[in-house]
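Participant: what follows is a predicted protein model with its sequence.
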Amino acid sequence: MSPGRARIKYHPRFPCLDRLVLEVDPCLREEEVLKLFREVRRMYWREPYREDSGAKRIDDKGYELLKFVLEAGEGLSWSERLERWNERFPPGHPWSYEYETNMARDFHRLVRRLLGMSYKRFLKPNVVRPMPLEED
């Protein structure tokens, strides 16, 4: 057995639950583990996205928008979110939003693409949420 192996484990329905799996010998140096991780991550992102998933990659703006909205929490209105977003990305920046409705639309589309359900439905109790695959 080699001191380290890596593979990509695809989730059949939710690309956000794909996993990079590393199997490493405990004696492997940290630098080698990091190198193995970087190689498999690079392979994952360079591969054409699975056509059967129907999902496209999320761009940097999309990740930033998801992170921004989720970190801000539920207490803010979309107009307050827009104001804070545009402080970070002022008008003229390619990520700036002019209308809060466009920002909300983009966020909800991203959530639906990642989770396969609306954000409101995902937050409801007793909703079956996507779960990672069981380990082999």
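Facilitator: Looks like it came in fine.
Participant: every contact and neighbour count from this point should use C-alpha atoms.
Facilitator: Noted.
Participant: any low-confidence regions in the protein?
Facilitator: 1, 13-15, 46-57, 116, 122-136 (pLDDT under 70).
Participant: per-domain residue ranges of it.
Facilitator: Listed by automatic domain parsing, the domain ranges of the chain are 4-53, 60-123.
Participant: okay if I get those as a markdown table plus mean neighbour count?
Facilitator: Converted to a markdown table, the domains of the chain look like this (neighbours: other CA atoms under 10 Å):
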| stretch | mean neighbour count |
| --- | --- |
| domain 4-53 | 14 |
| domain 60-123 | 14 |
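Participant: measure the spatially most central residue of the chain to residue 3 for me?
Facilitator: In the chain, the residue lying closest to the centroid (CA atoms, centre = their mean) is residue 16, at 5.5 Å. Per CA to CA, to the nearest Å, residue 16 is found 28 Å from residue 3.
Participant: tell me if residue 94 really is in a helix.
Facilitator: No - assigned with DSSP: H, G, I helix; E, B strand; the rest coil, residue 94 falls outside any helix and is coil.
Participant: what sits against it?
Facilitator: Not one residue lies near residue 94 by CA atoms under 8 Å, 6 or more residues apart in numbering.
Participant: need the CA coordinates for stretch 12-22. CSV is fine.
Facilitator: Provided in CSV are the C-alpha atoms of stretch 12-22 (Å, rounded to 0.1, in the frame of the first residue of the first chain):
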residue,chain,number,x,y,z
PRO,A,12,-25.2,11.4,-6.7
ARG,A,13,-27.5,14.4,-6.3
PHE,A,14,-25.9,17.3,-4.5
PRO,A,15,-22.5,18.5,-5.8
CYS,A,16,-22.1,20.5,-2.6
LEU,A,17,-21.7,17.2,-0.8
ASP,A,18,-18.9,15.9,-3.0
ARG,A,19,-15.9,14.9,-1.0
LEU,A,20,-12.1,14.7,-1.4
VAL,A,21,-11.0,11.6,0.4
LEU,A,22,-7.4,11.2,1.6
